[in-house]
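K.L.:
give me a model of this one.
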Amino acid sequence: MTATTTELDIWREAVAKIEARNGGPAAGDYSAEIAKEERAKAAAADALDDMAHAQGWGIKDPARAEAARQRATAADLRAQAAEHDLKAHKSYEECDTDGFVSQWASGLLAAQARLQAEIEEAGGRALFPALFDTAGNLVAAEHRQGQWGAYFALLDDKGRITGEWFTPSKSKDARRARAADAAKGYYFGYVMAPAKAELAGGNASCVTPIAVRTDGGYSADVEIVDNGQHNEFGPTLGRHYAIWGGLI
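P.N.:
Just a heads-up that it's a prediction; the model follows:
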């Protein structure tokens, strides 16, 4: 995309793709799913209409162009999700549970598309655990799952695993858990890092869409959400300890 591309052009392209893919109304009595699909298409059309009345269509910087692209992509992804929902609904109406495999697959693809839309709307990033020292500095470490639960594998200056690790406190008391981690020199926080939506699970019964980091598991180029420089336990600040301690 060039800096001369206009937001109007971007949204026209997104709406055109949605309309071309969806065509006319679907056959059969699927009013709820059709309404959902139409609302997804309308979201992009409404954005186009709003922007058509705004001033200064010309984009003078790449950052704004990228933001416009992300909004257009998110609208397109939500329309795709609505299509998958409609396919699942049609399959059930026409085949009942005999079409459960296609219904299951359509449901998963819809959920994955919605998650990717959320990631796009967040600037291509998602929320991930991160390790900080008690001064609030980001520590080079990868968050991993092991046999005994989650832990952080520490990295050297070349991104290689050092063989040292940090296992967060398992205390069910949020304040005690935070204090125990601090005594070891660390804080369990969160960052917004580059991500994509993928389907994951050990078998068909537990497949679900998740956000996966695209930076290899660690990068200093992240947006810090919670580095422990506060005394809160809630859905944003102190999130890990609040969840572990049953406060949220």
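
K.L.:
list the buried ones in stretch 183-198?
P.N.:
For stretch 183-198, burial by neighbour count (16 or more other Cβ atoms under 10 Å) applies to Tyr186, Tyr187, Phe188, Gly189, Tyr190, Val191, Met192, Ala193, Pro194, Ala195, Lys196, Ala197. (Glycine included, C-beta is placed from N, CA and C.)

K.L.:
from Arg69, how far off is the last one?
P.N.:
For Ala197, the distance to Arg69 under the criterion Cβ to Cβ, to the nearest Å works out to 17 Å.

K.L.:
next one: the second one
P.N.:
Plainly put, Tyr187 is 35 Å away from Arg69 if you go by Cβ to Cβ.

K.L.:
before we move on, what SS does the spatially closest residue to Gly238 that is not a sequence neighbour have?
P.N.:
Ranked by Cβ to Cβ, 6 or more residues apart in numbering and with sequence neighbours excluded, the top spatial neighbour of Gly238 is Glu232, at 4.7 Å. Local secondary structure at Glu232 is given as coil here, using DSSP: H, G, I helix; E, B strand; the rest coil.

K.L.:
Glu232 against Tyr241, yeah?
P.N.:
No: Glu232 is not in contact with Tyr241 according to Cβ atoms under 8 Å; the separation is 9.5 Å.

K.L.:
neighbour-wise, which of the two wins?
P.N.:
Each of Glu232 and Tyr241 has its neighbours counted (other Cβ atoms under 10 Å); Tyr241 has more, 27 against 13.

K.L.:
the more buried one is in contact with Phe233, isn't it?
P.N.:
Yes: counting by Cβ under 8 Å, Tyr241 touches Phe233, with 5.6 Å between them.

K.L.:
can you give me the strands for the protein?
P.N.:
With DSSP state E as the definition, the chain shows strands at residue ranges 125-133, 141-146, 149-155, 161-166, 186-200, 208-213, 223-226.

K.L.:
now those strands as a markdown table including distance to Ala180 and mean pLDDT?
P.N.:
Putting the strands of the chain into a markdown table (distance: least, Cβ to Cβ, whole Å; pLDDT from 0 to 100) gives the following:
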| stretch | distance to Ala180 | mean pLDDT |
| --- | --- | --- |
| strand 125-133 | 15 | 97 |
| strand 141-146 | 18 | 94 |
| strand 149-155 | 14 | 96 |
| strand 161-166 | 11 | 96 |
| strand 186-200 | 10 | 96 |
| strand 208-213 | 27 | 94 |
| strand 223-226 | 18 | 97 |
